[in-house]
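K.L.:
structure for this input, please:
(one chain, ligands or ions: 1)
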Amino acid sequence: MPPSPPPAPPGPRTPLLAIKDLHVSYGMIEALHGVNIAVDQGEVVTLIGSNGAGKTTLLRTISGLLKPASGSILLDETTDLTKLPAYEIVRKGVSHSPEGRQVFAQLTIRENLILGAYQRHDADIGADMDKCFALFPVLKERQSQKSGTLSGGEQQMLAMGRALMARPRLLLLDEPSLGLAPLVVKKIFEIIREIAAAGTTIFLVEQNANMALGVAKRGYVLETGRVALADTAAALLASPAVREAYLGG
Ligand code: ATP
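P.N.:
Below you'll find the model as predicted:
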């Protein structure tokens, strides 16, 4: 038998996403002060942090909705996303399920999902719709219903389904548990596991540190625009500082 390879070094080796020394400001006020984060191909990585830490700002900068003052966001170690418009970033395989869902309330569920695939020109959109309905059966049952009539949990599923319709390599999830009942949160996290198991890399931003670290391989803690901690999810879950600040002691 050939000798087994040496264990992989900790941390990402070939990052799909590498955020380097990122500074983002709103006018005169800097919200991110030199953030460094990497997400490896196939990983689920979570970013936890309290209200106002800068989590949404970071995700909006990755998807091109905000432009940084300085720093870079490399996809595949070559393409700097900060130089591209948002629609090109979607085309490169980065899809964003935003905080607060932001579904198109007057459109049906099916129409919202089709909009998620607007950058695609291949013939597999129907097959991906079927995959999406398999992941979220409730959306299939209600596909002709206006999205504004859905519950919060169902709208969250629709926002995630819409993001998946772009067939992303990297899925950005902004606070999928926000405002949802515990049983619904549990369901959403089961679905996140399924999406990851099917091979999609996920960068998950959450205030629900317990659930997020439970589903992730590695995690970062963002505090007032700076990465305060970076470690495996297991180490963060066990860390007294994280337990005290984010897990209720
Ligand atoms: P939350 O969970 O409350 O959304 P967050 O970690 O996502 O928090 P951000 O929304 O990214 O944090 O906010 C980071 C900082 O930037 C905060 O101080 C916030 O007040 C500020 N900020 C966010 N959006 C704007 C804006 N449009 N204009 C000015 N300041 C903003």
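K.L.:
what's the closest non-adjacent residue to Ala53?
P.N.:
Nearest non-adjacent residue to Ala53, counting by Cβ to Cβ, 6 or more residues apart in numbering: Leu222, 4.5 Å away. Using the backbone N, CA and C atoms, a C-beta is placed for each residue, glycine as well.
K.L.:
ok, the one you found touching Lys55?
P.N.:
Yes - between Leu222 and Lys55 there is a contact at 5.9 Å, judged by Cβ atoms under 8 Å.
K.L.:
find residues that contact each of those two.
P.N.:
Listed as contacting both Leu222 and Lys55 by Cβ atoms under 8 Å, 6 or more residues apart in numbering are Leu47, Gly49.
K.L.:
returning to what we had before: the residue nearest to Ala53: neighbour count?
P.N.:
22 (other Cβ atoms under 10 Å).
K.L.:
how close does it sit to Met160?
P.N.:
Taking Cβ to Cβ, to the nearest Å as the measure, Leu222 falls 22 Å from Met160.
K.L.:
ok, longest helix in the chain?
P.N.:
helix 182-197 (DSSP state H).
K.L.:
how much space between the closest residue to Glu43 other than its chain neighbours and the ligand?
P.N.:
Counting by Cβ to Cβ, 6+ apart, Lys217 is the residue found nearest to Glu43 once chain neighbours are left out, at 5.1 Å. For Lys217, the distance to the ligand equals 22 Å [Cβ to the nearest ligand atom, to the nearest Å].
K.L.:
over to Lys186?
P.N.:
In terms of Cβ to the nearest ligand atom, Lys186 sits 21 Å off from the ligand.
K.L.:
for Gly152, same thing?
P.N.:
16 Å.
K.L.:
residues contacting that residue?
P.N.:
Applying Cβ under 8 Å, 6+ apart, the residues contacting Gly152 are Arg101, Gly179, Leu180, Val184.
K.L.:
just say helix, strand or coil for the first one.
P.N.:
Three-state call for Arg101 (DSSP: H, G, I helix; E, B strand; the rest coil): coil.
K.L.:
which residue is the nearest non-sequential neighbour of the residue most central in space within the chain?
P.N.:
Compute the mean C-alpha point of the chain, and by Cα atoms, centre = their mean the closest residue is Leu172, 2.2 Å away. For Leu172, ignoring the flanking residues on the chain, the nearest one in space by Cβ to Cβ, 6+ apart is His96 at 4.4 Å.
K.L.:
quick check, the one you found in a strand?
P.N.:
Yes - per three-state DSSP, His96 lies within a strand segment.
K.L.:
and it, what's its pLDDT?
P.N.:
In this model, His96 is scored at 94, pLDDT.
K.L.:
how much space between it and the ligand?
P.N.:
His96 is 13 Å from the ligand, where distance means Cβ to the nearest ligand atom.
K.L.:
next: Gln102.
P.N.:
13 Å.
K.L.:
same thing with Ala216?
P.N.:
17 Å.
K.L.:
what residues are up against that residue?
P.N.:
Residues in contact with Ala216 (Cβ under 8 Å, 6+ apart) are Glu43, Val44, Val45, Thr46, Leu204, Ala233.
K.L.:
beta partners of the residue nearest to it when sequence neighbours are not counted?
P.N.:
Closest residue to Ala216 apart from its sequence neighbours, by Cβ to Cβ, 6+ apart: Thr46 at 3.9 Å. Taking DSSP bridges, one obtains Leu204, Gly219 as the residues bridged to Thr46.
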